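Student: quick one, structure for this:
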Amino acid sequence: MDVDSGRVVSILIVSAIPKTTSVKLTSAQAQTAAAAYLESHDIPTDGMTVTVTLQDRGEVKDYVVDWKLYANGVLLPDSRSVSLDPSNGVVYSMNDVREPARPSSVATPAASPKLTRDDAIRLATSVAGMSKPKVESAELKVTSVGDPNWPSRLVWSLQLSEVAPQGAVIAAWVYVDAVTGETTIVGRG
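Tutor: Residues are numbered from 1 along each chain as shown. This is a model prediction of the structure:
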């Protein structure tokens, strides 16, 4: 819930995860089932970009259908995600995030980054303590207002990985403020 407006900004609904490896639905059928679920709950997806992913977790498979909102190529903190059983289309998880950027924020959808993708990778590599990481993903986005340290900033969101000398793969998820260059590690793996 947004502390300023009292508005609900994120809802997560999860029931029992199905234990199936059977895939009877196509990705188009999964998308149709997920869209019908959202529509039946009056959850809009207008203007959003949709992706469908069949995830194989070994003993369990599921479809994840994501809707994301972009403005001027920037990912905004407005998304829907539906997970469903690939054998029958039953939805078991839904996440609805609608977190508007604050008017006083550093970032707006029209904001222009001052740092390039390469600048952001260089800064992220340095703060993560990596020498030659693989860039798993690099996306320009507006961070969530739910993050008290980085509210509504235009950032380069980077996922880096590197093979350590012992052979283990290490990973870092890093935000680089696309305007100021301020950098923070938001996760390690």
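
Student: which residues of this structure fall in helices?
Tutor: For the chain, the helices defined by DSSP state H occupy 27-40, 117-128.

Student: determine which of those helices approaches S87 most closely.
Tutor: helix 27-40 (10.9 Å; Cβ to Cβ). For every residue, glycine as well, the C-beta is placed using N, CA and C.

Student: which outside residues touch that closest one?
Tutor: Identification of contacts with helix 27-40 by Cβ atoms under 8 Å, 6 or more residues apart in numbering yields 25, 44-45, 50, 52, 54, 63, 65, 80, 82, 84, 86, 89, 91, 94.

Student: how long is stretch 59-79 from one end to the other?
Tutor: End-to-end distance for stretch 59-79, by Cα to Cα, to the nearest Å: 28 Å.

Student: and it, which residues are buried?
Tutor: For stretch 59-79, the neighbour count (16 or more other Cβ atoms under 10 Å) marks 61-70, 74-79 as buried.

Student: swap in stretch 45-53?
Tutor: T45, V52.

Student: check the offset of it from the chain's centre.
Tutor: Distance of stretch 45-53 from its chain centroid, counting by Cα atoms, centre = their mean, to the nearest Å, is 12 Å.

Student: quick check: mean pLDDT across that stretch?
Tutor: Stretch 45-53 shows a mean pLDDT of 95.

Student: got it, and stretch 175-183?
Tutor: In this model, stretch 175-183 has a mean pLDDT of 91.

Student: repeat that for stretch 98-105.
Tutor: So the average pLDDT for stretch 98-105 ends up being 54.

Student: again, but for stretch 23-39
Tutor: Stretch 23-39 comes out at a mean pLDDT of 96.

Student: about what we covered before: now render the helices of the chain as CSV, adding mean neighbour count and distance to Y175.
Tutor: Shown next, in CSV, are those (neighbours: other Cβ atoms under 10 Å; distance: least, Cβ to Cβ, whole Å):
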stretch, mean neighbour count, distance to Y175
helix 27-40, 16, 28
helix 117-128, 18, 8
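
Student: returning to that earlier point: take the buried residues of stretch 59-79 and keep only those in strands.
Tutor: If you go by DSSP state E, these have 61-70, 74-79 in strands.

Student: which among those gets closest to G167?
Tutor: Of those, the one sitting nearest to G167 (Cβ to Cβ) turns out to be K61, at 28.7 Å.

Student: quick one: contacts for L158?
Tutor: Applying Cβ under 8 Å, 6+ apart to L158 gives the contacts A120, I121, A124, V135, S137, A138, W173, V174, Y175, V176.

Student: how about the buried residues of stretch 59-79, which pair is most distant?
Tutor: Spanning the widest gap among the buried residues of stretch 59-79 are K61 and V74, at 32.4 Å by Cβ to Cβ.

Student: picking up where we left off before, so among the ones in strands among the buried residues of stretch 59-79, where is pLDDT lowest?
Tutor: Ranking these by pLDDT puts P77 at the bottom, with 81.

Student: lovely, talk soon.
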